[in-house]
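Colleague: just to be clear, the model below is a prediction. Sequence and coordinates:
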Amino acid sequence: MIRCACIALVLAGALWSGSATAAVVLVYHHVSDQTPPSTSVTPARFAAHLDYLDENDFEVWPVERLLAAAIDGAERLPERVVAITFDDAYASVHRTAWPMLRERGWPFAVFANTDAIDAGHAPYMDWEALRELHNDGANIGNHSASHAHLIARQPGESARAWRERVRADLDQARQRISEEIGLEPEIFAYPYGEDSSALARLVGEDHEFALVQRSGAVGAHTDPLTVPRFPMASGFDSMERFRLAVHSRALPVTSAEASPPGDGVRDPVQSLRLILAEGDYRAGQIACFSSAGARLETRLAEGPPHRLDIAVDGQGSVGRNKINCTAPAADGSGDFFWYSFQWVQEAVLD
């Protein structure tokens with residue numbers, strides 16, 4: 001298993017990353033004004049995002065370097081640093097986003113679901129385009145072969161059969177990327193951003209890190225197999241939200257326990273308990289919100305560690321649901337510490 005718990009590295013990460021105000025991973029899909037808005041940013045908006053990073057002295061690092069520094073303590077993080085990622089390997093990344101990034105000399109990663117590429121489906125890149133990106137320094141990561149809802153069992157499928165099916169899917173994608181690019185991917189991005197403890201165990205057998213699609217920054221307490229990324233798409237890509245995202249910090253959650261317990265596709269959540277380490281945030285001002293934007297009732301038992309109990313009371317709906325918790329930074333900067341919890345309720349939805 002590639003990803004293991006290493007106490008020395010975790011402690012080193014806590015020491016190094018304490019100097020950073022933000023370590024953020026962004027995720028895009030299409031960069032086009034001709035594709036579905038729910039998975040797209042326009043070229044003009046993408047250019048504005050890049051301009052903001054440039055004008056505000058952000059460093060743009062390869063995602064693997066940022067994660068090794070923020071989580072494992074491999075090196076000291078700069079004050080402002082982001083990584084840029086793209087899921088699904090859409091052609092607009094090669095056609096539109098890459099020239100903008102290449103002009104600035106900025107790295108990025110593309111996560112490829114290989115069955116669609118092998119089938120030559122539009123609007124995906126082909127392997128020649130992905131090799132061109134790789135040869136220019138882009139990281140080509142694993143996004144599964146099928147891009148299926150991997151957390152869900154098929155009707156009548158046993159837990160063992162599910163593991164065998166999912167492992168074969170992950171292995172197929174790794175093999176195809178290795179054959180076409182020349183390197184086995186070390187980072188995985190969950191299809192639809194859907195993760196579970198059982199799926200993470202399979203992913204961790206061959207990948208160093210795994211990325212989800214929910215808001216939050218990366219820090220020493222981040223689970224390396226559940227790394228948050230701020231999704232950017234029309235309606236959620238305004239400059240105001242972008243500024244909030246790239247200046248966010250990682251709320252130091254060391255444990256998240258939903259009640260009733262569940263994993264994968266599960267029953268409604270009634271409550272969530274977070275355990276938080278000390279940090280430069282105002283614990284007494286933590287606020288938590290449902291996917292629909294409703295503020296949730298919370299109860300804080302101050303520590304350290306702090307214990308935060310969140311009343312969800314079944315407010316979720318069928319499909320993906322999130323709880324976002326934020327706390328203002330204690331230094332008066334106006335930045336926010338951020339944590340997001342996700343579950344998939346009753347059934348998967350595209």
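Modeller: Great, that's in hand.

Colleague: what's the burial count for residue 103?
Modeller: 9 (other Cβ atoms under 10 Å). For every residue, glycine as well, the C-beta is placed using N, CA and C.

Colleague: the host helix or strand of it packs against which elements?
Modeller: Residue 103 is located in helix 98-104, with elements delineated by DSSP states H and E. Counting contacts by 3 or more Cβ pairs under 8 Å, 6 or more residues apart in numbering; DSSP states H and E, helix 98-104 packs against helix 43-55.

Colleague: figure out how far the helix it packs on is from the centre of its chain.
Modeller: With Cα atoms, centre = their mean, to the nearest Å as the basis, helix 43-55 stands 20 Å off its chain's centre.

Colleague: give me the phi and psi for residue 336.
Modeller: Residue 336 adopts backbone torsions of phi -120, psi 140, taken as degrees, to the nearest 10.

Colleague: for it, list each beta-bridge partner.
Modeller: Note on residue 336: beta-bridge partners by DSSP bridges are residue 328.

Colleague: mind listing what it touches?
Modeller: Neighbour list for residue 336: 244, 247, 248, 249, 326, 327, 328, 329 [criterion: Cβ atoms under 8 Å, 6 or more residues apart in numbering].

Colleague: how about the residues you listed in a markdown table, adding pLDDT?
Modeller: As requested, the contacts of residue 336 are exported to a markdown table (pLDDT from 0 to 100):
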| residue | pLDDT |
| --- | --- |
| 244 | 97 |
| 247 | 96 |
| 248 | 97 |
| 249 | 97 |
| 326 | 98 |
| 327 | 98 |
| 328 | 97 |
| 329 | 96 |
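
Colleague: out of those residues, which are buried?
Modeller: 244, 247, 248, 249, 326, 327, 328, 329 (16 or more other Cβ atoms under 10 Å).

Colleague: now the first one, nearest residue through space, not along the chain?
Modeller: Excluding its sequence neighbours, the residue lying closest to residue 244 (Cβ to Cβ, 6 or more residues apart in numbering) is residue 336, at 6.8 Å.

Colleague: and for the fifth one?
Modeller: Nearest residue to residue 326, sequence neighbours excluded (Cβ to Cβ, 6+ apart): residue 336, at 4.6 Å.

Colleague: quick check, pLDDT for the one you found.
Modeller: We have a pLDDT of 97 for residue 336.

Colleague: residue 17 now?
Modeller: At residue 17, the pLDDT recorded in the model is 38.

Colleague: now do residue 10
Modeller: Reported pLDDT for residue 10: 38.

Colleague: what of residue 3?
Modeller: Note on residue 3: pLDDT of 57.

Colleague: quick one, phi psi at residue 131?
Modeller: According to degrees, to the nearest 10, residue 131 has phi -60, psi -40.

Colleague: show me the contacts for it.
Modeller: With Cβ under 8 Å, 6+ apart, residue 131 has these contacts: 180, 181.

Colleague: measure it to residue 94 for me?
Modeller: Counting by Cβ to Cβ, to the nearest Å, the separation of residue 131 from residue 94 is 11 Å.

Colleague: do residue 323 as well
Modeller: Using Cβ to Cβ, residue 323 is found at 36 Å from residue 94.

Colleague: how about the helices of the stretch 151-300 of the chain, start to end?
Modeller: 159-181, 197-203, 239-246 (DSSP state H, counting those that start in this stretch).

Colleague: kindly export the longest one (C-alpha atoms) in PDB.
Modeller: Read it as helix 159-181. This file holds the C-alpha atoms of helix 159-181, laid out as PDB (Å, rounded to 0.1, in the frame of the first residue of the first chain):
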ATOM      1  CA  ALA A 159     -18.900  -6.500  -1.000                       C
ATOM      2  CA  ARG A 160     -16.200  -8.800  -2.300                       C
ATOM      3  CA  ALA A 161     -17.500  -8.500  -5.900                       C
ATOM      4  CA  TRP A 162     -17.700  -4.700  -5.600                       C
ATOM      5  CA  ARG A 163     -14.000  -4.600  -4.400                       C
ATOM      6  CA  GLU A 164     -13.000  -6.800  -7.300                       C
ATOM      7  CA  ARG A 165     -14.900  -4.700  -9.900                       C
ATOM      8  CA  VAL A 166     -13.600  -1.400  -8.600                       C
ATOM      9  CA  ARG A 167     -10.000  -2.600  -8.200                       C
ATOM     10  CA  ALA A 168     -10.100  -3.800 -11.900                       C
ATOM     11  CA  ASP A 169     -11.400  -0.400 -12.900                       C
ATOM     12  CA  LEU A 170      -8.700   1.400 -11.100                       C
ATOM     13  CA  ASP A 171      -6.000  -1.000 -12.400                       C
ATOM     14  CA  GLN A 172      -7.200  -0.600 -16.000                       C
ATOM     15  CA  ALA A 173      -6.900   3.100 -15.900                       C
ATOM     16  CA  ARG A 174      -3.500   3.000 -14.300                       C
ATOM     17  CA  GLN A 175      -2.300   0.500 -17.000                       C
ATOM     18  CA  ARG A 176      -3.600   2.600 -19.900                       C
ATOM     19  CA  ILE A 177      -2.100   5.800 -18.600                       C
ATOM     20  CA  SER A 178       1.200   4.000 -18.100                       C
ATOM     21  CA  GLU A 179       1.100   2.500 -21.600                       C
ATOM     22  CA  GLU A 180       0.300   5.900 -23.300                       C
ATOM     23  CA  ILE A 181       2.100   8.400 -21.100                       C
END
